[in-house]
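Student: sequence first, predicted coordinates after that:
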Amino acid sequence: MIQRLRQLGWLEGLSLILLVLIAVPLKYGWDTPVYVRVLGPIHGFFFAIYCLQLVYVGSKLSWPIDKVLTFFVASRNQLHTTVFKI
């Protein structure tokens, strides 16, 4: 369970890094918005699945709500998987 949450965290973080460091500069620097159109929904999918898995793990392991919320707030930062260890 926790291993899957970690994997999803890494995938979500990696998709955000690709989106911000590759797709967005290509969109605004070279007028190539196709990469944002592709990577944006992929990142959104991974983020949504991460949040669902976080709620699932939190409920199965009886985590207090403040722990679940801490991980959710940390997920809003692209470096959350390296700052907070699950």
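Tutor: Received, thanks.
Student: residue nearest the centroid of the chain?
Tutor: Taking CA atoms, centre = their mean, the centroid of the chain lies closest to Glu12, which sits 3.0 Å from it.
Student: isn't that residue up against Tyr50?
Tutor: Yes. Taking contacts as CB atoms under 8 Å, Glu12 lies within contact range of Tyr50: 4.7 Å. Backbone N, C-alpha and C define where each C-beta goes, glycine included.
Student: what sits in contact with each of the two?
Tutor: Overlap of the contact sets of Glu12 and Tyr50 (by CB atoms under 8 Å, 6 or more residues apart in numbering) consists of Ser75.
Student: flag the shaky bits of the chain, pLDDT-wise.
Tutor: Counting by pLDDT under 70, the chain has low-confidence residues at 78-86.
Student: pull the distance from the longest helix anywhere in the chain to the chain's centre.
Tutor: Using DSSP state H, we find that the single longest helix of the chain is helix 34-60. Centroid separation between helix 34-60 and its chain, computed with CA atoms, centre = their mean, to the nearest Å, is 6 Å.
Student: okay then, goodbye and thanks.
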